[in-house]
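[1] sharing a sequence plus its predicted fold:
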Protein chains: 2
Amino acid sequence: MPICEGAFFDYLREVDCSDVEVYSIPEGSVVFPKVPLMRVEGPVAVVQLLETPFVNLINYASLVTTNAARHRHVAGKSKVLLEFGLRRAQGPDGAISASKYCFMGGFDATSNVLAGHLFGIPLRGTHSHAFVSSYMSLDEIPDKALRSKDGSRVCQDFVSLVQEWLQKIQTADSLGGVFGDTNKSELAAFASYALAFPSNFLALVDTYDVMRSGIPNFCAVALALHDLGYKASGIRLDSGDLAYLSIEARKVFHAVEKEFNVPGFAKMVITASNDLNEETIDALNKQGHEVDAFGIGTYLVTCYSQAALGCVFKLVEINNRPRIKLSEDVAKVSIPCKKRCFRLYGKEGYPLVDIMIRESEPSPKAGERILCRHPFIESKRAYVVPQHVEELLQCYWPGTSDKPRAELPSLEKIRSRCMQQLEKLRPDHIRRLNPTPYKVSVSAKLYDFIHCLWLNEAPVGELQ
Amino acid sequence: MPICEGAFFDYLREVDCSDVEVYSIPEGSVVFPKVPLMRVEGPVAVVQLLETPFVNLINYASLVTTNAARHRHVAGKSKVLLEFGLRRAQGPDGAISASKYCFMGGFDATSNVLAGHLFGIPLRGTHSHAFVSSYMSLDEIPDKALRSKDGSRVCQDFVSLVQEWLQKIQTADSLGGVFGDTNKSELAAFASYALAFPSNFLALVDTYDVMRSGIPNFCAVALALHDLGYKASGIRLDSGDLAYLSIEARKVFHAVEKEFNVPGFAKMVITASNDLNEETIDALNKQGHEVDAFGIGTYLVTCYSQAALGCVFKLVEINNRPRIKLSEDVAKVSIPCKKRCFRLYGKEGYPLVDIMIRESEPSPKAGERILCRHPFIESKRAYVVPQHVEELLQCYWPGTSDKPRAELPSLEKIRSRCMQQLEKLRPDHIRRLNPTPYKVSVSAKLYDFIHCLWLNEAPVGELQ
């Protein structure tokens, strides 16, 4: 099979998009099926070449942003959400897209260092299991000195201080004497990590055994840091029963706070990871847990529960003549004509309905009654008197026209828009179980137009 | 939340991997769980930084190659498989990875033009629905002349020739007179496409109605091309009942071949697309169909049936001391030590078992009996006398050592290796339903070593 004519690549290099106009719903907006996310106008050959890149760039971005927003919805506003998906994404750039759009959809930080560098997304992570198992014993730590946070003194042997604390924890009655010997590789790794990052000590506690080794080792290092004026960040649980372990860990933190009079120790951040998704977070919420932060990877970036979004690109008008794509499946019939799209808001501030109109029609106006029709079902229609009207498609690439170009906001602003848009929705539209469908409509004029065109284009069947 | 210290990015830019050695099973090999795909040796800090990029680069690549191979397995060797996933991948680079590794796994071509350009993968596609609906009538074709294939004559009005053929088709008794009026936009689009690509006329026939419009329009254009010495390529079906439509289309092609005495017309290539996956191809095979080529997108590149592969990176030895990662879940316990890995082949040429040994042990030899033990289950063990022994891990990055560097073969060669490796497997290992698990083992020495280390590291539980 030949690849293709070499000259085609040269042609692609020279494609000129200066005649093209691109309209789009602002990034970070909540959108609904049937309303076009973009409208692209221009010479047909060039616009057809744009089909695939646009569809590629929109589909996964929209899907993963939505998936992130769904995770935020189920986790609640107070939890910290960390995107840990780099290892499961479609290569390095797939992961970059994932990090960017998960942040947009409501995540707080990523473990993808390049995404932090490129987009300013906060970076968060812990050390690895391999870091823990790379240590054999406490003797391997060469430099054991740690200056106190206020700089006033230096503890020459931080490791001995840690060991003293471990001893106290192991023998404290209020801790129930449940702690026997802990794993010394793990203790060495934690002490070493704390020496390097005394202000950001976040320990992965499940390399050997969470309750018998990870938690007491963590507490010993955290208490030693506390002696020097530092505040440990917390722990990460990456396996096992996260509800149970987080509750047990919290109990220990409370007991330590009381036993050793360390105010705030009970509030240590507990981060959970390990194949989390919407359902597991929902289940954790129902069981009760003490997790403060969730690290979510695989299910988030691969969009496991629905791995693809099916946005398509349709020709709706050419040389001022409308075009329609028919299909046996009504859901696949395209809505013809160059359109303008509006969101109509009700008295209570919620969006009521989206409406598409022909370009030549007047815009809907606040306070004026307008008939909204279902695009395909004749009987479904309603009058609406909007309190507020928002035009959805904005011009982001005016081409050679003199239309003003809409601002491209910062990632941070787009993220805020996304959060705000979700908050503005009526809650029943976004509940997890049986949400009320949001209505998408067309004007009466566009309705008539669609159905007239449809009858013209569709061949009349013959039953035999 | 702060991003991170700026100096960390500078440090990453300067990371020096010249001391690192990388061993890998050759790309395109069949691999089994537990056998390391790579072994990385070097300074612990640098190697730990390599963890995430390696895991990112291996996971999706291995997953999608496997998915492509599974599609090839169910479609059979004789079918043409086209990767159409660009629109559903994780951005442009996710799509490039998908195209490359689907080709490796047995696909024949891609619709991703950049992948063709970068890797020399054959490019294949058809026109779009939008191309069809961009035409209104036959009058829109400005240049209607077409030179015959042998260059001997010019047909001044190819469009009229097409219309004559359409007339003949519509009135031919042997075609059952089932064809009434066809869609003229579609006919114009097909004629225009044929004028531009007379040697590669492949028409998408489902924009309006496959049997009443697409097929007769296609046949008219194909017959007109045939008059001028060209051979049409075929059709693509992108919706509806693909089994039924392909069979009906084939019947028409047979009837046309006979009616108009056009040898080979019945063999017209029928390509099917529209949300295909392993299961739909299997179902088509069971129903019977006349599809020659499958265009597969969403389910292929997103690996819908399993959207992530869980390869991990484990520290197994440091400073000549073995390390083990324990877990409540035995499947997550890592196999310690720097290892060498071998595939042992039996008399019939099939691989029998993979075995991991400690670096210090002698290699297994053809004709010599060796005990292969399950890494964790004491009672599972077997003696094997291999007829042939293949060492799996090859050195691809010798670092500062003087080991020879294994060749990095071309994509075409890796693809062939992948096909050959799959053919060499015993069929019951790769059947779709209840495959026989392939055995992965350790030497007796490594077995003892693992279990000794495990008991040393694991804390003894206490039932209360």
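    Here it is on my side, so go on. Numbers count the residues shown, from 1 in each chain, chains lettered A, B, ... in the order given.

[2] drop to CA atoms for contacts and neighbour counts, all remaining ones
    OK.

[3] what about the spatially closest residue to A:Arg426 that is not a sequence neighbour, how many residues nearby?
    Spatial nearest neighbour of A:Arg426, excluding adjacent residues (CA to CA, 6 or more residues apart in numbering or on different chains): A:Tyr350 at 5.9 Å. For A:Tyr350, the neighbour count with other CA atoms under 10 Å in any protein chain shown is 17.

[4] over to A:Gln306?
    When neighbours are defined as other CA under 10 Å, A:Gln306 has 14 of them.

[5] which pLDDT value goes with it?
    At A:Gln306, the pLDDT value in this model is 92.

[6] and A:Cys452, by the same measure?
    Per-residue confidence (pLDDT) for A:Cys452: 88.

[7] helix, strand or coil for it?
    What DSSP: H, G, I helix; E, B strand; the rest coil gives for A:Cys452 is helix.

[8] how many neighbouring residues does it have?
    11.

[9] distance of it relative to chain B?
    A:Cys452 sits 16 Å away from chain B, going by CA to the nearest CA, to the nearest Å.

[10] please apply the same query to A:Leu408.
    With CA to the nearest CA as the criterion, A:Leu408 and chain B are 20 Å apart.

[11] could you chop chain A up by domain?
    By the assignment in the TED database, chain A contains the domains A:6-37+A:312-457, A:66-302.

[12] tell me the mean pLDDT for the last one?
    Yep, that's domain A:66-302 we're talking about. Averaged over domain A:66-302, pLDDT sits at 94.

[13] coming back round to it: pick the most buried one from the domains of chain A.
    Across the domains of chain A, averaging neighbours per residue (mean count of other CA atoms under 10 Å in any protein chain shown) puts domain A:66-302 on top, at a mean of 20.

[14] how much space between A:Tyr345 and chain B?
    Shown here: A:Tyr345 relative to chain B, a distance of 33 Å by CA to the nearest CA.

[15] quick one, what contacts the closest residue to that residue other than its chain neighbours?
    What sits nearest to A:Tyr345 in space, not counting adjacent residues and going by CA to CA, 6+ apart, is A:Pro351, at 4.1 Å. Each residue near A:Pro351 by CA atoms under 8 Å, 6 or more residues apart in numbering or on different chains is listed here: A:Arg343, A:Leu344, A:Tyr345, A:Lys424, A:Leu425, A:Arg426.

[16] can you list the residues of the stretch 251-400 of chain A near chain B?
    Contact residues (CA under 8 Å from any CA of the partner chain) of the stretch 251-400 of chain A with chain B: A:298, A:302-304, A:306-310, A:314-315, A:317-318, A:323-328.

[17] rerun at 10 Å
    Residues of the stretch 251-400 of chain A lying close to chain B (CA under 10 Å from any CA of the partner chain) are A:298-299, A:301-319, A:321-329.

[18] for chain B, state which of the contacts of A:Pro351 is nearest.
    Chain B has its nearest neighbour among those in A:Lys424, at 26.1 Å by CA to the nearest CA.

[19] I'd guessed the closest one sits against A:Tyr350; true?
    Yes. A:Lys424 is within contact range of A:Tyr350, at 5.8 Å (criterion: CA atoms under 10 Å).

[20] where do the helices sit along the stretch 51-200 of chain A?
    Secondary structure of the stretch 51-200 of chain A by DSSP state H, counting those that start in this stretch: the helices cover A:91-104, A:113-119, A:129-133, A:158-171, A:184-196.

[21] need the contact partners of the fourth one.
    What that stands for is helix A:158-171. With CA atoms under 10 Å, 6 or more residues apart in numbering or on different chains as the test, helix A:158-171 has contacts from A:138-139, A:141, A:143-147, A:155, A:172, A:175-182, A:187-188, A:190-192, A:194-195, A:216-225, A:227-228, A:256, A:259-260.

[22] one more: the third one?
    Helix A:129-133 is contacted from outside by A:184-190, A:192-193, A:203-208, A:238, B:44-45, B:48, B:51, B:313-318, B:322-325, using CA under 10 Å, 6+ apart.

[23] from A:Ala69, how far off is A:Gly106?
    Separation of A:Gly106 from A:Ala69 (CA to CA, to the nearest Å): 6 Å.

[24] what do you get for A:Gln156?
    Distance of A:Gln156 to A:Ala69, given as CA to CA: 48 Å.

[25] about what we covered before: check contacts around the residue nearest to A:Arg426.
    A:Leu344, A:Gln387, A:His388, A:Gln421, A:Glu423, A:Lys424, A:Leu425, A:Arg426, A:Pro427.

[26] tell me the pLDDT at it?
    At A:Tyr350, the pLDDT recorded in the model is 95.

[27] ok, it to chain B distance?
    Taking CA to the nearest CA, one finds A:Tyr350 at 32 Å from chain B.

[28] can you check A:Ser363 too?
    As defined by CA to the nearest CA, A:Ser363 lies at a distance of 28 Å from chain B.

[29] over to A:Phe449?
    17 Å.

[30] that residue should be in a helix, yeah?
    Yes. Using three-state DSSP, the secondary structure at A:Phe449 is a helix.

[31] ok, it touching A:Arg321?
    No. Counting by CA under 10 Å, A:Arg321 is not a contact partner of A:Phe449; they are 11.7 Å apart.

[32] which neighbours do these two share?
    When contacts are counted by CA under 10 Å, 6+ apart, A:Phe449 and A:Arg321 have A:Pro336, A:Cys337 as shared neighbours.

[33] the helix or strand in which A:Ala255 is found vs helix A:158-171, what angle?
    Using DSSP states H and E, A:Ala255 sits within helix A:242-259. With axes from the mean of the first three to the mean of the last three CA atoms, to 10 degrees defining the directions, helix A:242-259 sits at 100 degrees from helix A:158-171.

[34] what's helix A:242-259 packed up against?
    In terms of contacts (3 or more CA pairs under 10 Å, 6 or more residues apart in numbering or on different chains; DSSP states H and E), helix A:242-259 is packed against helix A:215-227, strand A:234-237, strand A:269-272, helix A:278-287.

[35] Serialize those to a markdown table and add fields for distance to A:Val442.
    Compiled in a markdown table, these are given as follows (distance: least, CA to CA, whole Å):
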| stretch | distance to A:Val442 |
| --- | --- |
| helix A:215-227 | 60 |
| strand A:234-237 | 51 |
| strand A:269-272 | 46 |
| helix A:278-287 | 34 |
